[in-house]
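K.L.:
turn this into a structure:
(2 chains)
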2 protein chains.
Amino acid sequence: MKYSKLFGKTIKETPKDATLSSHKLLYRAGYIRESTAGRYYLLPLGIKVQQKIQQIIKEEMDKAGAQEMITPVLHPKELWKETNRTNSVGFELMSIKDRNEFEFVLGGTAEEMMVDLVRKFQISYKDLPFNLYQFSVKFRDELRARGGLLRVREFVMKDAYSFHTTEEDFKKEYQLMMDTYTRIFEKLGLKTTIVESDNGYIGGEYCHEFVVESEIGESKFLVTEDGSYAAHEDVAKFILENVSSDEQLKPMEDVLGKGIIGVEELAKFLKIPVEKTTKTILFETDKGKVIAAAVRGGFDINEVKLIHIIGCNGLKLASAETVKKVTGAEVGYAGVLNLPKEVKVYFDESMFGRKNFETGANRTNYHTINVNFGRDLPEPKEFYDFKLAKEGYISPDGQKLIAKRGIEVGNIFQLGFHYSSKMKGANFRDSDGKQKPYYMGCYGIGLGRTLATIVEVYNDDKGIIWPEAVAPYQVHIVGLDGLGEKEYKHLLAEGVETLFDDRLNLSAGEKFADADLIGIPYRVVVSKRTEDKLEVKKRSEKQTRFLALQSLLEMLKS
Amino acid sequence: MKYSKLFGKTIKETPKDATLSSHKLLYRAGYIRESTAGRYYLLPLGIKVQQKIQQIIKEEMDKAGAQEMITPVLHPKELWKETNRTNSVGFELMSIKDRNEFEFVLGGTAEEMMVDLVRKFQISYKDLPFNLYQFSVKFRDELRARGGLLRVREFVMKDAYSFHTTEEDFKKEYQLMMDTYTRIFEKLGLKTTIVESDNGYIGGEYCHEFVVESEIGESKFLVTEDGSYAAHEDVAKFILENVSSDEQLKPMEDVLGKGIIGVEELAKFLKIPVEKTTKTILFETDKGKVIAAAVRGGFDINEVKLIHIIGCNGLKLASAETVKKVTGAEVGYAGVLNLPKEVKVYFDESMFGRKNFETGANRTNYHTINVNFGRDLPEPKEFYDFKLAKEGYISPDGQKLIAKRGIEVGNIFQLGFHYSSKMKGANFRDSDGKQKPYYMGCYGIGLGRTLATIVEVYNDDKGIIWPEAVAPYQVHIVGLDGLGEKEYKHLLAEGVETLFDDRLNLSAGEKFADADLIGIPYRVVVSKRTEDKLEVKKRSEKQTRFLALQSLLEMLKS
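P.N.:
All right, here's what the predicted structure looks like:
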């Protein structure tokens, strides 16, 4: 490609809202342009990179025996109703009616579509297992889209869905996909951590994220030093320190403590250890029910864990008005005592076995101390785990947890019977002649986000530094003194993907800056000064070499 | 691929609504499944064919210097309002709002999106020309979708858009795209006729369809025997026979002629030649205006031509009620005399120079004869061409027109300044420093329809007969007696795309029937009977050959 003819040249400005390197560099170097917030054009350079990523994913998926196909973009809404996902997905789902008033959703993932396809066939145990995948445009009506290709409203996703006779058979595929993903990301130049994570609205019992460590990532996860345990903040477990339980019960009393904010300040004021305090938070579920959640002072509440425990689709903090109505007190004095019967209280495991603990008095400005289960309120029937894990806590396997951030580039989900049990006819004929629901898994990689993540990892202050596997071109010829055409044609004839900066009236410096910004692995300068030698420099290295064209070709092919 | 593992096996039944070969065969052979009317899954076999078609198109587009990129699927509706296409496209356009109440349309074509992208750049005459193309999902909210992949509501289209400084420069690209399309379809095994056609809601002044002749096609076109002229029925021109004009004017009179339907019957009844009769039709435009259109008896009205002449977006026949209101008569007696002033009468060229002609009397049961311009009604200021061409008429270059039907697989459009004049800032800086609108063209190919058309052309009573260029696999090994695995592995190792029917407990006959249905170019039977020889048969031929594996490989590679 001649740069003079390329659509989408470099510019100096960055978009006003761009804060991330990948956003700024992809924009400046001419890979992307925004249409509306979170919806991007991929320019000629951009689509080349995405296609390389796609090809690498395709090769590895095919090697793993998965079969490519494609579903329509518009999914009949009735399918999403069959699995109740129209409710669980909420606002992220976009709906549309056709002229015949038939309702569709713009696909965000395709579990229902795949099951609906598979149930059109008479599947027997002999046909199973299979894994169907597609590259297709997906839609997420995110409230805020920002960060270039990292969080968008429309993107190409590789999504795969596997169907099995048994859980055991599924587990083999889950491991195979885990290995396949690891290999895909390695080939793309990305080092990933496999992190236990939350299944969101996908369903199923467990899942894993593939996360590339990065300061700018939105995935917070905790990991042990040796990597034996890694889990997203939303689901991470940890070992609780023991609470001494041989205390004598003391008389309960209300203490005035006006305007004291936070458990540390409260503990100081009451002259008790923080572990004696309690954090009680009131929430409203997506169905408008008010609940209370209580953890021992010092811990925070993990809303994602709590949502799963409650079995709702969303939580928000109760309004000051609701708090007043339910507790009779202003915000800041909610506690576990004497709440109205209709407000269910969820106790975290950290509440188990406590004695003489503090709690808000449900009375403005007051705290109650020396509260005891069995005496002041009934012994809870169940304790749950909804504490937020933090750096320094101890992992389930006994090591210190380290907090990290990263970008989620892929994920794999056990789905089990989540879909096949809800959707009628989602069965196969087993060897015993009986119809049984299939056991499922699903596996996703967002292509645009992967592309941006590569840029986040591979860049310097001058621009992008593409790994060869995904670079839009392998060689960037910088033609000076009107030269370069001959070398360009030669490289093309040899099948080398080459971008040729053939522009006249530009200084060498300007052309070098553009080459650095665009980030193609090999920069080759053709100029009078170096006569029949070419000045070759790898984008990722500092030194330049002077090579004959033939030697350059040999180097590229080795 | 082992057939036992392939998702989407053959079945005997066809969909209830399937009438076309391509629909039935693609369904039965396991290439497609319908999700909802006009929205299809491409199964693993289907997507392989589509990808081969895509690759051939891509190679030829790249060779022609076009640059691939991609636009978002959701287009901001405001862009379509800028060009007033929200009105002209009408019901086929689907709209959707996001959670922020921002309005989008599901892209049907992408002219506005491309212009909106290009105007984000400071384009100079040095950057022009360029041709940007994409493969992307397109949406058409068709009232009725039927015929498998031939008329759908959602499909992948290659759409390209070229930008030029001048009309002359555009014309070179138009010719280049014409040649490129011809070559693409040739490579796909399709013989196309390039037919002048109507631009529908795309805009611009002229365009051409690439049509594959077929009895089941929806494109009706007229062509001369030597192909010197070919035009879609909607736009086809023809030479009018002369009307003698040396007659004496006769006295006009009203004649009773109750219930006489059609100009032939009327001519007989009135004892005048058909050429003396007039067909006057009342229409309502999409804006509710009533107009009249008059042609000489013997011709039909071409509504598409008429729409362009009027400059409206749609026409329907006026209701009986409207006819009564406007003419004062029942349907069947409308004429060009004494219509209310607000009803504009459009006269076809065939009305020019007529003397003593008949017209409906605008009076129930009556016809007026011996009508003359200048005496009985004013000489029309303008005559138009809105006659429908028919087989046997004479082409503009003096040859007999032959009527044909075909499937439109591609089209190319001159757009001129249609978009760049309507969209603000759609300019380039010319060499004189002035901002000027760019001159544009656009070029489309529907992939799914092309795929189905190939099947329409290449099939027999047993199934599909894929041309090698687009076949999902090159070789179909039919393993009998549990054999074939060795040959399968060998072919794979040699890079031959191979489908291996490894199923046990199926008769040779059943496997042969499946191979014929699926339509892979080479069928290779491995059985005990033929020992170390393979029974090789081309799907397109009758005779079988017995070859050693090595000879088969040589044949495949030659």
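K.L.:
please count neighbours and contacts with C-alpha atoms only from this point.
P.N.:
Will do.
K.L.:
find the residue at the geometric middle of chain A.
P.N.:
In chain A, the centroid-proximal residue (CA atoms, centre = their mean) is residue A:408; its distance is 3.5 Å.
K.L.:
so what's it up against?
P.N.:
A:209, A:210, A:211, A:212, A:217, A:218, A:219 (CA atoms under 8 Å, 6 or more residues apart in numbering or on different chains).
K.L.:
cutoff 7 Å now
P.N.:
A:209, A:210, A:211, A:212, A:219 (CA atoms under 7 Å, 6 or more residues apart in numbering or on different chains).
K.L.:
equivalent analysis for residue A:283, please.
P.N.:
So residue A:283 contacts A:290, A:291, A:292, A:315, A:316, A:317, A:318 (CA under 7 Å, 6+ apart).
K.L.:
buried subset of the residues you listed?
P.N.:
The neighbour-count test (16 or more other CA atoms under 10 Å in any protein chain shown) marks A:290, A:291, A:292, A:315, A:318 as buried among the contacts of residue A:283.
K.L.:
which two from these end up farthest apart in space?
P.N.:
Spatially, the most separated pair among these is A:292 and A:315, at 11.3 Å (CA to CA).
K.L.:
if we can go back for a sec, of the buried ones among the contacts of residue A:283, which belong to strands?
P.N.:
Of these, the ones assigned to strands by DSSP state E are A:290, A:291, A:292, A:315.
K.L.:
which one of the contacts of residue A:408 is nearest to chain B?
P.N.:
For these, the residue nearest chain B by CA to the nearest CA is residue A:219; the value is 24.2 Å.
K.L.:
now, among the buried ones among the contacts of residue A:283, which is nearest to chain B?
P.N.:
residue A:315 (19.1 Å).
K.L.:
state the pLDDT value of the residue of the stretch 301-450 of chain A found nearest chain B.
P.N.:
Closest to chain B within the stretch 301-450 of chain A is residue A:448: 12.3 Å, counting by CA to the nearest CA. Looking at residue A:448, its pLDDT stands at 97.
K.L.:
please state the offset of the helix or strand containing it from the chain centre?
P.N.:
Per DSSP states H and E: residue A:448 is located in helix A:447-457. Remark: helix A:447-457 is offset 13 Å from the chain centroid, using CA atoms, centre = their mean, to the nearest Å.
K.L.:
C-alpha coordinates for the lengthiest strand in chain A, PDB please?
P.N.:
Ranked by residue count under DSSP E, the longest strand found in chain A is strand A:401-416. C-alpha atoms of strand A:401-416 as PDB (Å, rounded to 0.1, in the frame of the first residue of the first chain):
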ATOM      1  CA  LEU A 401      -3.500 -12.100  48.300                       C
ATOM      2  CA  ILE A 402      -2.100  -9.400  46.000                       C
ATOM      3  CA  ALA A 403      -4.600  -6.900  44.400                       C
ATOM      4  CA  LYS A 404      -4.200  -6.300  40.700                       C
ATOM      5  CA  ARG A 405      -6.000  -4.600  37.800                       C
ATOM      6  CA  GLY A 406      -6.300  -5.900  34.300                       C
ATOM      7  CA  ILE A 407      -8.200  -5.800  31.100                       C
ATOM      8  CA  GLU A 408     -10.600  -8.700  30.500                       C
ATOM      9  CA  VAL A 409      -9.900 -10.000  27.000                       C
ATOM     10  CA  GLY A 410     -11.800 -13.300  27.100                       C
ATOM     11  CA  ASN A 411     -13.900 -15.400  29.200                       C
ATOM     12  CA  ILE A 412     -15.200 -19.000  29.400                       C
ATOM     13  CA  PHE A 413     -18.400 -20.100  31.200                       C
ATOM     14  CA  GLN A 414     -19.800 -23.300  32.500                       C
ATOM     15  CA  LEU A 415     -23.500 -23.100  31.600                       C
ATOM     16  CA  GLY A 416     -24.600 -26.500  32.700                       C
END
